[in-house]
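**Q** Pasting the sequence and the predicted model now:
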Amino acid sequence: MASLERHCRSSGRSKSTAIPVNPSRCVVERLREKILSGELQEGEQLRQEAIAAEFEISRIPVREALSHLAGEGLVKIVGNRGAVVAALSPDEIMQLFETRAVLEKYMCSKRFRILRMEICVRRKKSWPVTRNLWNMTQR
């Protein structure tokens, strides 16, 4: 279990205040970091036995972690081959950037409306102006 705690983020706490370690979540976090940093390359095979040995845990939490990462699209489960690091096509990469741009624009517009309302409240503008701005933020 010492190896599992070494890999988990919550291990920095003292033993008296430590949160119980969820092996599956810990494996998900560590594998996600390795994939996103490029430490694990596209198409690289992820062997359950090797991962379980690295974390000093059974293969069941590793299997759960790989299923979770497959749901996120970072890993693909291939028959007779096991799990491999997923490769993103140029179209998938473009779709991710477009989605991010839309989300960032939406979040900026919402925050801008809230800031305008806060400024009006601080300046003690008339109630109808503040009410109209509040209604704008709720759209």
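**A** Yep, that arrived.

**Q** How about the contacts made by residue 88?
**A** The neighbours of residue 88, taking C-beta atoms under 8 Å, 6 or more residues apart in numbering as the test, are 42, 96. The way it works is simple: take the backbone N, C-alpha and C, and place the C-beta from them, glycine included.

**Q** try residue 123
**A** Applying C-beta under 8 Å, 6+ apart to residue 123 gives no contacts.

**Q** same deal with residue 41?
**A** Residue 41 touches residue 85, counting by C-beta under 8 Å, 6+ apart.

**Q** Surely it is in a helix?
**A** No - counting by DSSP: H, G, I helix; E, B strand; the rest coil, residue 41 falls outside a helix, being coil.

**Q** Quick check on it: phi, psi?
**A** phi -80, psi 160 (degrees, to the nearest 10).

**Q** Please apply the same query to residue 88.
**A** The phi/psi pair for residue 88 (degrees, to the nearest 10) is phi -90, psi 130.

**Q** Buried residues in the lengthiest helix in the chain, which are they?
**A** Criterion DSSP state H: the longest helix present in the chain is helix 90-122. Residues of helix 90-122 classed as buried by neighbour count (16 or more other C-beta atoms under 10 Å): 113, 117, 120.

**Q** Please apply the same query to stretch 72-80.
**A** 74-76.

**Q** among the residues you listed, which are in helices?
**A** Using DSSP H, none of these sit in helices.

**Q** quick one: which of the residues you listed is nearest residue 107?
**A** Among these, residue 74 lies closest to residue 107 (C-beta to C-beta), at 23.8 Å.

**Q** Distance of that closest one relative to residue 110?
**A** When distance is defined by C-beta to C-beta, to the nearest Å, residue 74 is 29 Å away from residue 110.

**Q** For residue 27, which non-adjacent residue is spatially closest?
**A** Leaving out its chain neighbours, the residue that sits closest to residue 27 by C-beta to C-beta, 6 or more residues apart in numbering is residue 65, at 3.7 Å.

**Q** which other residues reach whatever helix or strand residue 34 lives in?
**A** Using DSSP states H and E, residue 34 falls within helix 23-37. Helix 23-37 is touched from outside by 4, 7-9, 39-40, 46, 51, 55, 57, 61-62, 64-66, 68-69, 72, 74-75, 85, with contacts defined as C-beta under 8 Å, 6+ apart.
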